[in-house]
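**Q** What would the 3D arrangement of this be:
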Amino acid sequence: MKKKITLLLMVIFLLVVTSAYAQDSREAAKIQHLIASVETLKGAKFIRNGSEYDARLAADHLRLKFKNAGKRVRTAEDFIKYCGSKSSITGKAYLIRLTDGTTVKAELFFRKKLLTFAKDNP
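**A** Numbers count the residues shown, from 1 in each chain. I've put the predicted structure just below:
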């Protein structure tokens, strides 16, 4: 009887851990997709605190913010809120100037990319 209870508890534990890990890996994939969506923007400029940066530097900055955010960022929504939408120092919104001259708030850009990711990865 004790062995059955122990086995049952182990199975429950593994199910909980596996489902938590699956959720974490899915959220990590979403976050990496968001960063890559900036990094692959040819000719676009990422505007942070009034200065323009190319796509590679913008992606490097976002990766650094994500790393420094630690456990505070658990989901793609957290990433957008804490890393991708505004300067944590000045509070100024990040902007992205696309090659056609259109300027969009980074937060809106990321939210649109997140919706696309969800459609493409059900």
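**Q** got the buried residues for stretch 92-100?
**A** 94-97 (16 or more other CB atoms under 10 Å). C-beta coordinates here come from the backbone N, C-alpha and C atoms, glycine included.
**Q** so which of those residues comes closest to Gly43?
**A** Arg97 (9.4 Å; CB to CB).
**Q** In space, what's closest to the residue most central in space within the chain - neighbours in sequence excluded?
**A** Nearest to the geometric centre of the chain sits Ile31, at 2.6 Å (CA atoms, centre = their mean). Spatial nearest neighbour of Ile31, excluding adjacent residues (CB to CB, 6 or more residues apart in numbering): Phe79 at 4.7 Å.
**Q** Return the residues in contact with that neighbour.
**A** Residues in contact with Phe79 (CB atoms under 8 Å, 6 or more residues apart in numbering) are 30-31, 34, 66, 69, 73, 110.
**Q** So Ile47, which state does it fall into?
**A** Following DSSP: H, G, I helix; E, B strand; the rest coil, the label given to Ile47 is strand.
**Q** How about the one 5 residues further on?
**A** Per three-state DSSP, the local secondary structure of Glu52 is strand.
**Q** which residues pair with it across the strands?
**A** Taking DSSP bridges as the rule, Glu52 bridges to Ile47.
**Q** May I ask you to confirm that it is in contact with Gly43?
**A** No. Contact criterion CB atoms under 8 Å: Glu52 and Gly43 do not qualify, at 11.7 Å.
**Q** Looking at the two, which has the bigger crowd around it?
**A** More neighbours surround Glu52 than the other of Glu52 and Gly43, with 13 against 10 (other CB atoms under 10 Å).
**Q** Report the separation between the more buried one and Leu115.
**A** Using CB to CB, to the nearest Å, Glu52 is found at 26 Å from Leu115.
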